[in-house]
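Visitor: only geometry, no sequence info:
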């Protein structure tokens with residue numbers, strides 16, 4: 001039986017750090033040309049990043065050639081060219097309280113990030129005597145970081161953390177190699193999205209990102225695809241880390257750059273590293289070996 005040809009792609013989604021941008025946080029010329037080519041072809045261009053909106057705007061100027069930006073791993077979606085927030089997610093108070101209590105019970109260092117567009121602001125709990133990656137992150141964003149202090153509003157009398165303040169996600173920073181601890185945390189919070197990622201600061205520490213149910217990069221890109229009347233078969237996605245796995249698995253055309261984690265390279269099609277035009281390789285592979293590209297339908301108003 002002859003296989004049906006692959007449908008043309010109308011949306012391409014990419015992670016940012018370690019995938020689209022090089023080690024110096026800049027866009028290479030080949031990848032810039034690939035993004036502009038997609039724009040001329042009428043293909044929807046999406047960046048889905050774990051960065052906050054504030055942090056993303058530090059490396060993406062207003063002329064950056066994309067159509068949408070999903071920040072904090074899907075907690076907020078922006079129309080990039082219009083500069084308008086389209087969609088946001090946050091925890092319900094009871095859910096935030098439960099997550100904070102579990103992280104406190106496990107004795108891990110963590111941050112609770114405010115909802116988009118203030119997702120660069122966070123309250124933090126320091127639980128361990130030494131955690132260099134945690135301290136590095138608190139220090140880097142010192143002007144936006146507020147500690148949970150004993151006796152202040154937000155700290156319950158029993159010593160546990162009251163997470164009833166608004167939050168879009170929690171980030172627990174574990175030590176390198178604490179995979180078993182991550183799995184225990186995930187098992188303790190089955191009703192939430194608990195996703196592993198690698199620290200962008202030291203490249204070794206393990207971060208546990210805890211989000212409301214159903215929130216993630218895949219959900220954000222699926223929301224945008226539906227907005228343009230596309231399904232997963234007409235999308236392509238590229239990433240490099242574990243927090244890209246849901247997006248890569250959802251898209252019919254999942255790719256990882258050559259610097260991705262080894263087990264991700266076993267699961268998805270591999271292109272060049274992020275500093276050698278990996279994103280442009282994806283565009284060329286879809287154009288040459290897949291269904292090619294076709295203009296996406298215009299979105300509905302609103």
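Guide: On my side now, so go ahead. It should be emphasised that the depicted structure is a prediction, and the values quoted were computed from it without experimental measurement.
Visitor: Stretch 210-225: end-to-end distance?
Guide: 24 Å (C-alpha to C-alpha, to the nearest Å).
Visitor: Check stretch 43-56 too.
Guide: 22 Å.
Visitor: That one: how far from the chain's middle?
Guide: From the chain centre to the centre of stretch 43-56 is a distance of 8 Å (C-alpha atoms, centre = their mean, to the nearest Å).
Visitor: the helices in the protein, which residues?
Guide: Assignment of helices within the chain using DSSP state H yields the ranges 29-40, 53-59, 93-105, 132-140, 179-188, 217-227, 245-250, 262-267, 278-289.
Visitor: Would you mark the buried spots in the longest one?
Guide: By neighbour count on 16 or more other C-beta atoms under 10 Å, the buried set for helix 93-105 is 95-104. Every C-beta, even on glycine, is put in place using the N, C-alpha and C of the backbone.
Visitor: what packs against that helix?
Guide: Counting contacts by 3 or more C-beta pairs under 8 Å, 6 or more residues apart in numbering; DSSP states H and E, helix 93-105 packs against strand 109-113, strand 122-125, strand 169-174, helix 179-188.
Visitor: swap the cut-off to 7 Å and go again
Guide: Counting by 3 or more C-beta pairs under 7 Å, 6 or more residues apart in numbering; DSSP states H and E, the packing neighbours recorded for helix 93-105 are strand 169-174.
Visitor: And the pLDDT for residue 213?
Guide: For residue 213, the pLDDT comes out at 93.
Visitor: what separates it from residue 292, distance-wise?
Guide: 36 Å (C-beta to C-beta, to the nearest Å).
Visitor: I'd guessed residue 272 sits against residue 278; true?
Guide: Yes - here residue 272 reaches residue 278: they are 4.5 Å apart, a contact under C-beta atoms under 7 Å.
Visitor: Who has more neighbours out of these two?
Guide: Set residue 272 next to residue 278 and count neighbours by other C-beta atoms under 10 Å: residue 278 wins out with 28 against 16.
Visitor: Quick check: closest non-adjacent residue to the more buried one.
Guide: residue 257 (3.7 Å; C-beta to C-beta, 6 or more residues apart in numbering).
Visitor: In contact with the closest residue in space to residue 285 that isn't next to it in sequence, which residues?
Guide: Leaving aside its chain neighbours, residue 285 sits nearest to residue 271 (6.8 Å; criterion: C-beta to C-beta, 6+ apart). By C-beta atoms under 7 Å, 6 or more residues apart in numbering, the residues touching residue 271 are 255, 257-258, 278, 281-282, 285.
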